[in-house]
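K.L.:
Build me a model from this:
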Amino acid sequence: MSTEAYVYILAGYKPDAGRRPIYVGSTTDLANRIEQHKAGTGSRHTARYNIRKLVWFEQHESVTTAMQRDYRLKRWDRAWKDELIEAENPEWRDLSDELA
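P.N.:
Residues are numbered from 1 along each chain as shown. The predicted model follows:
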């Protein structure tokens, strides 16, 4: 039996200089996981760098494929991750409201 899963990218708010900090993760419950990140309990990295905006996500048919994609994305160059986000979300809007 397969379980629906997601890969997602969160971003911090753009600093005056430099680029936004980001975080790549995967989960079977995207809405709940994003709530955890927004509350500062999702991960130490997101809490430390105030990374709270859901800027990209994709759905997978299984946890295995989501975890494989997560693993690959984490190893991508930062520029490639930025291009992936901007292809679907050029303004880097917070997409978490669309999860309801």
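
K.L.:
Tell me where the longest helix sits in this protein.
P.N.:
helix 63-75 (DSSP state H).

K.L.:
what does that one rub up against?
P.N.:
With C-beta atoms under 8 Å, 6 or more residues apart in numbering as the test, helix 63-75 has contacts from 2-3, 5-7, 9, 24-28, 58, 60, 81, 84. C-beta: built from backbone N, CA, C; applies to glycine.

K.L.:
buried stuff in it?
P.N.:
Using 16 or more other C-beta atoms under 10 Å as the test for burial, helix 63-75 gives 63, 66, 69, 70, 73.

K.L.:
So which bits of the lowest-mean-pLDDT helix or strand in the chain are buried?
P.N.:
When each helix and strand of the chain is scored by mean pLDDT, DSSP states H and E, helix 44-48 comes last, with a mean of 93. Within helix 44-48, the residues scored as buried using 16+ other C-beta under 10 Å are residue 46.

K.L.:
ok, then the element right after it?
P.N.:
The helix or strand immediately downstream of helix 44-48 is strand 51-60, counting by DSSP states H and E.

K.L.:
mind listing what that next one pairs with, with the direction of each?
P.N.:
Using DSSP bridges, strand 51-60 pairs in its sheet with strand 5-12 (antiparallel).

K.L.:
Check which helices and strands the helix or strand just after the strand it pairs with is in contact with.
P.N.:
For strand 5-12, the succeeding helix or strand toward the C-terminus, using DSSP H and E, is strand 22-27. If contacts are counted by 3 or more C-beta pairs under 8 Å, 6 or more residues apart in numbering; DSSP states H and E, strand 22-27 sits against strand 5-12, helix 30-38, strand 51-60, helix 63-75, helix 78-88.
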